[in-house]
Structure formats: structure tokens, C-alpha cells
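> Can you look at this prediction? I've put the sequence above it.
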Amino acid sequence: MDSFAANQKKSFHIRSNSLPSKPHPVVDEVDEHLCRLKSSEATSTSSSLCQKLDGLQDLHDCIDKLLLLPLSHQALVDNESVDDQLEGSLKLLDLCAMAKDALLQTKESAHELESTLRRRRGHDIVGDVQKYLNSRKMIKKAIHKALKGMERSKFPKSDESSEVVGLLKEAETVTYNSIESVLSFIAGPKLPSKMSGWSLVSKFIQTKKVVSKDLDTSGNKVEMVDAALYSIISHKYDCIVQVEDVQILLKKLASSIQDLEEDLESLYRRLIKNRVAFLNILNH
């Protein structure tokens, strides 16, 4: 009887192991955050970028919990592409650091120009405006060079090794795309040195209307400031956008940058924390 009971218990144990295992709640949580972030990848206003960065912070908080699970430890130790993941996490940190620097430079230039315009009311400001635009050109050049030099890896979902590895690769791709959106937002669109008269006028009249109505909550404030300043350079004293309008735009730009800076800094700290956790797993 004892032998029969033992065999029956053993048989039941084997059948139980053959049943499909239910995903860990943290795995489901990471997957949900990824789905939400991928659905918002097309948006690129300052407010939507802040929401995206907030979502990334939540995602990496979940990844931090995911990395604490024993199943994640085993999956990462057995992962053959672990070196690629380590390199990818380092690239994300570099890209995030660059975005922080570009935001800081843009904010400082905006503060300096706004202060100059306030002090030199009624004086020739073309030189000061040109100084800001030259700074913007350097920032744009650095961003475009960095993005061009970054080799974007393909991170398909893991089909045989581990769902955890697949989620980590997806998170890396989504994070890269989001930070790239921030950099593209900072760089703004390319404005040709010579625009046709009517297109220039239309561009800056539209900017002036937005400033006057205070409806620029959804617009690209970097683009709007650039457009207004190019108006001053192009028309000199007979400019469409007045100095007061430019000051308003510069203040709003600085405020938007401040929000993005705070979110990027929080994300940067989470990326460092997750990389440290990843390294600790591999070193044990």
C-alpha cells in the first residue's frame, strides 16, 4: 500500500509539471507597460514626451522587480546574447546622458537670450539672436551625428530561450526609441537658410497667433522659438514676431525643458540601477 501510494504521488507530480505554467504577475506587468509605450511612440510634443518618460520610469521600476525573480536570474545566466544586452544598456545610458546635456545647453541658451532681451529693450538684438541660433546649430549637429552613429540593434522577442529575455530586449528598444524622440524634439526640424518670402511670413504669422492666444500647449516650443528668431534675423527691425512674443516663447520653452530634464534624470537613475542589478546577477 505504501509503495502504491508513493507511485501514485510521483505520477501526480509528473503530470503537474507538464501543465503550462502561468506567467508571473511581474512579467504581465512589464508586458502591459511595453504595450502602452509602443502605442504612444508616434507622439512628439513636450507634454506627450513627458508622459512617455513617466511611462518609461514605471516600466523600469517593473524591470527592477523582474530582475529580483529567480526565473530571471536563470534566464540571464543561460542567455547567449548577454554581452549584447550589456552593451545595449550602456548605449542607453550614453544616449540618455546626451539628451540631458542637450536639454541643459538649450535651456541655458534660452535663459541667457531671454535675460538679454529684457535688458536690451529697444536696442539692436540681432547679434544676440544670432548667438542663440549658432548655439542651436551646434546642438543640432551633435544630436544628428550621435543618432547617425548609434547602431540600432534588432531586438526580437525570444522564441525559445526565455520570455524574460524577450521582454528585456523589447524594453531596450522602446527606451531607445523614446529617448531618440526626445533628441529629435530638441533638434527640431531643419530650417533652410533661404526660405521663400510667403512661406517665411506664413510660418511666423502662425507662430505669433499661437503666442497671442496662449495656445501653444501642444506645439513644439523648440520649433516655435527657432521660427520666431529666424523672423528677427530675416526681417531685422521690421520683424513680424515682436521681442515681447519671443520672451514669452523663451519662458515657455525653458519651462518645458525643465519638465523633460527632471523626467530624464529620473529615468537615468533607473537605467543605472537596472544595469547594476543585471551585472550583479551575472557576477554571482
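Received the coordinates, thanks.

> Next secondary structure element downstream of the worst-scoring helix or strand of the chain on mean pLDDT?
Lowest on mean pLDDT, DSSP states H and E among the helices and strands of the chain sits helix 2-18, with a mean of 43. Next helix or strand after helix 2-18 toward the C-terminus (DSSP states H and E): helix 25-39.

> ranges for the helices of the protein?
2-18, 25-39, 46-66, 70-77, 82-119, 126-149, 163-187, 197-213, 221-235, 243-283 (DSSP state H).

> close enough to count as contact, residue 249 and residue 228?
Yes - using CB atoms under 8 Å, residue 249 is in contact with residue 228, at 5.7 Å. Placement of C-beta: from N, CA and C, glycine included.

> What is the burial count for residue 163?
Neighbour count of residue 163, defined by other CB atoms under 10 Å: 17.

> Check the spatially closest residue to it that is not a sequence neighbour and give its pLDDT.
Nearest non-adjacent residue to residue 163, counting by CB to CB, 6 or more residues apart in numbering: residue 27, 6.4 Å away. Looking at residue 27, its pLDDT is 89.

> hang on, isn't residue 27 packed against residue 164?
Yes - with contacts counted by CB under 8 Å, residue 27 reaches residue 164, the gap being 7.0 Å.

> sorry, back to before: contact partners for the residue nearest to residue 163?
By CB atoms under 8 Å, 6 or more residues apart in numbering, the contact set of residue 27 is 66, 163, 164, 167.

> how about a cut-off of 10 Å?
62, 66, 69, 71, 72, 163, 164, 167 (CB atoms under 10 Å, 6 or more residues apart in numbering).

> re the thing from before, residues that sit against both of residue 27 and residue 164, list them.
Joint contacts of residue 27 and residue 164 (CB under 10 Å, 6+ apart) are 66, 69, 71, 72.

> I figured residue 260 hits residue 186, correct?
Yes - using CB atoms under 10 Å, residue 260 is in contact with residue 186, at 8.4 Å.

> Spell out which residues are contacts of both of the two.
With CB under 10 Å, 6+ apart, residue 260 and residue 186 have common neighbours 49, 99, 103, 106.

> Show the buried residues in those residues.
Burial by neighbour count, judged by 16 or more other CB atoms under 10 Å, picks out 49, 99, 103, 106 from these.

> ok, and for stretch 48-60, which residues are buried?
Buried, per 16+ other CB under 10 Å, within stretch 48-60: 49, 50, 51, 52, 53, 55, 56, 57, 58, 59, 60.

> what's the distance between the third one and residue 260?
Read it as residue 51. Using CB to CB, to the nearest Å, residue 51 is found at 11 Å from residue 260.

> so where's the stretch 51-200 of the chain shaky on pLDDT?
121-123, 150-161, 189-200 (pLDDT under 70).

> 50 instead, please
For the stretch 51-200 of the chain, the stretches with pLDDT under 50 are 153-160, 192-198, 200.

> So which residue is dead centre in the chain?
What sits nearest the mean C-alpha location of the chain, by CA atoms, centre = their mean, is residue 179, with 2.5 Å.

> Excluding chain neighbours, what is closest to that residue?
Nearest non-adjacent residue to residue 179, counting by CB to CB, 6+ apart: residue 95, 5.0 Å away.

> What is the neighbour count of that neighbour?
Residue 95: 20 neighbours (other CB under 10 Å).

> What is the nearest of the shared contacts of residue 27 and residue 164 to residue 111?
residue 66 (40.2 Å; CB to CB).

> Tell me if I'm right that the closest one and residue 24 touch.
Yes - the pair residue 66 / residue 24 is scored as a contact, 8.2 Å apart, by CB under 10 Å.

> what is in contact with the two at once?
30, 72, 164.

> dump the residue contacts of the first one.
Translated: residue 30. By CB under 10 Å, 6+ apart, the neighbours of residue 30 are 23-24, 58-63, 65-66, 163-164, 167-168, 170-171.

> separation between it and residue 233?
Per CB to CB, residue 30 is found 48 Å from residue 233.

> ok, now how distant is residue 223 from residue 72?
For residue 223, the distance to residue 72 (CB to CB) stands at 42 Å.

> Compare those two and say which one has the larger neighbour count.
In terms of neighbours (other CB under 10 Å), residue 72 is the more surrounded of residue 223 and residue 72; the figures are 24 against 17.

> The more buried one: what's its closest spatial neighbour, skipping adjacent residues?
Per CB to CB, 6+ apart, closest to residue 72 is residue 164, 4.9 Å.
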